[in-house]
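A.B. asks: Predicted model, plus sequence, below.
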Amino acid sequence: MYSPLRKDFVSLTLGEQHSHSYTNGKHRRQSCWRRWKQLSRLQRSLILFLLAFLLICGIFSYPSLSEQWRGVFCILCINRPKQLSFPVVKGTQVCLPIILCKTDIQDLLDCSKFPVYPKLYSYPQSDSIITPVINEACFYSLLVSVKPVDRAEAVREAFRHAWKGYKAFAWGHDELKPISKTHGEWFGLGLTLIDALDTMWILDLKEEFEESKRWVEKELSFTKNVDVNLFESTIRILGGLLSTYHLTGDSLFLDKAKDIGSRLMPAFNTPSKIPFSDVNIGKGIAHPPRWTTDSTVAEVTSIQLEFRELSRLTQDPQYQKAVDEVMRQVHRLDGKHDGLVPMFINTNSGKFTHRGVFTLGARADSYYEYLLKQWLQGGKKEPELLEDYLQAVEGVKKNLLRQTSPSKLVFVGELSHGRLNPKMDHLVCFLPGTLALGAHNGLPADHMDLAMQLMETCHQMYVQMETGLSPEIAHFNLQNHNGRDVDVKPADRHNLLRPETVESLFYMYRFTQDSKYRDWGWEILQSFNKYTRVPSGGYTSIGNVRDPVNPGPRDKMESFFLGETLKYLFLLFSDDPELISLDKYVFNTEAHPLPIWPSDS
């Protein structure tokens, strides 16, 4: 009997048939076919299903094959549920076995685009155990194999797309507004372009780099009557120029780094030597914010890598002297809690303010990061930095770690006057990578254990959201609440294209070679492409990670998307372990690699 499906099946004969065995082989094939036809439809369907299932399981049992081919095999059926986890619902049509087609090629391999045939399984109405009735005539299974996607090349493509928008609508300005096809200004110093210089070099985007270099040479000027933030200018502009100088050897970038570095120095002219937050780089005048005389602890303790390196390159000690004095003062200060620091410090008194509140999120995060990284940068010769870092990690474990219900995810909360708030900024997701970096450099092995637990939590902050993108802030449930580990308040549902999770994924993969970290990063890139990519060029932050239908584009592409997020994704997917070796470079908090000093420095 003719079947409309028959044209969709391809019969493959494996092995070579010799002419002298043709007759016997033909009889054997006919005999096998007769026996096959004697089987019931249910039996034949089950055999086909088991063969396909065993084939796929065999492929996925080999890590080398799994890495290349994961996600390119599908078994398809009509009315496939969105959440595929072996649903058994009376009277519905489902696909068994549930093999989710998670394509490695955006929009190229989409299971929903392949033809499917109706009613693969049906379920009799029964209150007892539900047994599937297989309709073999409608069975349709499709194994799709494609060339493995080059994930690093996909990052290059994402960068080019973002750069296309920046070049078309914001060239030479600080930030792209991709929805309105215009630009935003913060300091008026081409922030996105400078932040992305070393990314272009690392991604081997020569044309884009050379064009940007010409702009730096001819257009970039710091003789402007403009207030800049000391911290942001240091990590993005000074750090970006120093990094690009080291990668290229081009003195243009060092000369520009010297210029901006010297113009930022008035910030340290305070009674306490704790720097002001803002500097007018044209007038050489510094001042605190209008609303306070405080600076944030993270800002004044996360500029050290850059100024120390500037002193080493220029042989001018003033830069390192200024930032080292800040660290010495913070080291001696009262008000810490088991190595944890408050969020604010006064520029007049040099003392901590707003005591009693401790977080690894905004306003304190990179203090902890730079303790370890300064120790590494200087060749592990400054024991007080290591001492403060180790004490802080113990303080985190003692005071801030908790587990969620029901999944027992380990997270870092906030301590407010002795009371724990189960709130964790996405910014805290820098911590798994930092802990792993310390463990790689001989610090306690349980730091890596904690890194792996926190990495899982940061991953869940993405996968538990409907868009696959993390919110800015997550609140974790300590008691079982509707089966969810993570709650997100409406004001916290935005995603700014932040890098911290992919940063930690990069470190974790470098040190463990566990391919799951690459897969997690790939899922994040796909979600960025699906929900934040703007067709005319660029990527936008979004307002609601819980709403895939209307994620609420915010019309802003932060400079760190090119400076950090895409750079860390590229390094995560690169197979070259010497591409920015973590034994030779240390990344500043804006993902700009600076060299670890030689032992004779």
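C.D. replies: Perfect, thanks for sending it.
A.B. asks: low pLDDT regions in the chain?
C.D. replies: In the predicted model of the chain, residues 1-33, 37, 41-42, 56-147, 601 satisfy pLDDT under 70.
A.B. asks: who does the longest strand along it touch, helix- and strand-wise?
C.D. replies: For the chain, the strand with the greatest residue count under DSSP state E is strand 473-481. Applying 3 or more Cβ pairs under 8 Å, 6 or more residues apart in numbering; DSSP states H and E, we find strand 473-481 packed against strand 401-403, strand 423-425, strand 484-487. For the C-beta atoms, the positions are set from N, CA and C on the backbone; glycine is no exception.
A.B. asks: gap between A52 and S40?
C.D. replies: For A52, the distance to S40 equals 19 Å [Cβ to Cβ, to the nearest Å].
A.B. asks: quick one on the thing from earlier: would you mind finding the most buried of the helices and strands packed on strand 473-481?
C.D. replies: Comparing the helices and strands packed on strand 473-481 by mean neighbour count (mean count of other Cβ atoms under 10 Å), strand 423-425 ranks first with a mean of 23.
A.B. asks: Tell me the strands beside that one, with direction?
C.D. replies: When pairing is defined by DSSP bridges, strand 423-425 lines up against strand 473-481 (antiparallel).
A.B. asks: Touching the partner strand from outside, list them.
C.D. replies: Outside strand 473-481, the residues within contact range by Cβ atoms under 8 Å, 6 or more residues apart in numbering are 361, 402-406, 409, 411, 413, 422-426, 461, 484-489, 492.
A.B. asks: ditto for stretch 332-352
C.D. replies: Under the criterion Cβ under 8 Å, 6+ apart, residues 270-276, 288, 292-298, 300, 329-330, 353-359, 363-364, 367, 388, 390-396, 398-400, 415 lie in contact with stretch 332-352.
A.B. asks: quick one: which of these sit in strands?
C.D. replies: D294, S295, T296, T353, V357, F358, L415.
A.B. asks: if we can go back for a sec, to the chain's geometric centre, what's the distance from the longest strand of the chain?
C.D. replies: Relative to the mean C-alpha coordinate of its chain, strand 473-481 is positioned 22 Å out (Cα atoms, centre = their mean, to the nearest Å).
A.B. asks: sorry, back to before: export the ones in strands among the contacts of stretch 332-352 as CSV, with columns for distance to E500 and neighbour count.
C.D. replies: Below are the ones in strands among the contacts of stretch 332-352 laid out as CSV (distance: Cβ to Cβ, whole Å; neighbours: other Cβ atoms under 10 Å):
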residue, distance to E500, neighbour count
D294, 24, 21
S295, 22, 28
T296, 17, 22
T353, 26, 16
V357, 21, 17
F358, 19, 23
L415, 20, 19
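A.B. asks: The closest residue to F570 other than its chain neighbours: how many residues sit nearby?
C.D. replies: Spatially, and ignoring its direct neighbours in sequence, F570 is nearest to V155 (4.3 Å; Cβ to Cβ, 6 or more residues apart in numbering). V155 has 25 neighbouring residues, counting by other Cβ atoms under 10 Å.
A.B. asks: So which elements touch the host helix or strand of V155?
C.D. replies: Applying DSSP states H and E as the criterion places V155 in helix 151-169. For helix 151-169, the elements it packs on are strand 175-177, helix 515-531, helix 566-573, judged by 3+ Cβ pairs under 8 Å, 6+ apart.
A.B. asks: can you state the direction angle for it and helix 515-531?
C.D. replies: Counting by axes from the mean of the first three to the mean of the last three Cα atoms, to 10 degrees, helix 151-169 lies at 30 degrees to helix 515-531.
A.B. asks: residues making contact with helix 151-169?
C.D. replies: Residues from elsewhere that reach helix 151-169 (Cβ under 8 Å, 6+ apart): 104, 106, 176-178, 181-183, 192-193, 196, 199-200, 203, 205, 208, 518, 522, 525, 528-529, 533-534, 536-539, 557, 561-562, 566, 569-570, 573-575.
A.B. asks: Could you rerun that using 7 Å?
C.D. replies: Helix 151-169 is contacted by residues 176, 178, 181-183, 192, 199, 203, 205, 208, 522, 525, 529, 533-534, 536-539, 557, 561-562, 566, 569-570, 573-574 when judged by Cβ atoms under 7 Å, 6 or more residues apart in numbering.
A.B. asks: cool, and stretch 591-601?
C.D. replies: 198, 239-240, 242-243, 246, 305, 309, 312, 376-379, 499, 503, 563-564, 567-568, 580, 584-588.
A.B. asks: list the buried ones in it?
C.D. replies: Of the residues in stretch 591-601, A591, H592, P593, L594, P595, I596, W597 count as buried by neighbour count, 16 or more other Cβ atoms under 10 Å.
A.B. asks: can you tell me the helix or strand for the last one?
C.D. replies: Same thing as W597. Using DSSP H and E, W597 is not contained in any helix or strand.
A.B. asks: And it, how close does it get to L310?
C.D. replies: 13 Å.
A.B. asks: With the first one instead?
C.D. replies: Per Cβ to Cβ, A591 is found 18 Å from L310.
A.B. asks: Please apply the same query to the second one.
C.D. replies: Taking Cβ to Cβ as the measure, H592 falls 13 Å from L310.
A.B. asks: now do the fifth one
C.D. replies: Counting by Cβ to Cβ, the gap from P595 to L310 is 13 Å.
A.B. asks: again, but for N229
C.D. replies: In this view, N229 and L310 are 18 Å apart by Cβ to Cβ.
A.B. asks: Between these two, which is the more surrounded one?
C.D. replies: L310 (26 against 18).
A.B. asks: is it fair to say I345 lies in a helix?
C.D. replies: No: with DSSP: H, G, I helix; E, B strand; the rest coil as the criterion, I345 is assigned strand and is not in a helix.
A.B. asks: who does it bridge with?
C.D. replies: S295, F352.
A.B. asks: on that earlier part again, out of the helices and strands packed on strand 473-481, which gets nearest to M452?
C.D. replies: Taking Cβ to Cβ, strand 401-403 is the member of the helices and strands packed on strand 473-481 nearest to M452, at 13.7 Å.
A.B. asks: Show me the residue sitting in the middle of the chain in space.
C.D. replies: Most central in the chain under Cα atoms, centre = their mean is V502, positioned 1.9 Å from the mean C-alpha point.
A.B. asks: who's in contact with that residue?
C.D. replies: Here V502 is in contact with G521, I524, T565, Y568, L569, L572 (Cβ under 7 Å, 6+ apart).
A.B. asks: Can you tell me how far H481 is from N544?
C.D. replies: Using Cβ to Cβ, one obtains 21 Å as the distance from H481 to N544.
A.B. asks: sorry, that was for S212
C.D. replies: Going from S212 to N544 by Cβ to Cβ gives 33 Å.
A.B. asks: the more surrounded of those two?
C.D. replies: Legend: neighbour count by other Cβ under 10 Å for S212 and N544, higher for S212 (25 against 22).
A.B. asks: Check which helices and strands whichever strand or helix holds the more buried one sits against.
C.D. replies: Using DSSP H and E, S212 sits in helix 206-218. In terms of contacts (3 or more Cβ pairs under 7 Å, 6 or more residues apart in numbering; DSSP states H and E), helix 206-218 is packed against helix 197-202, helix 251-264.
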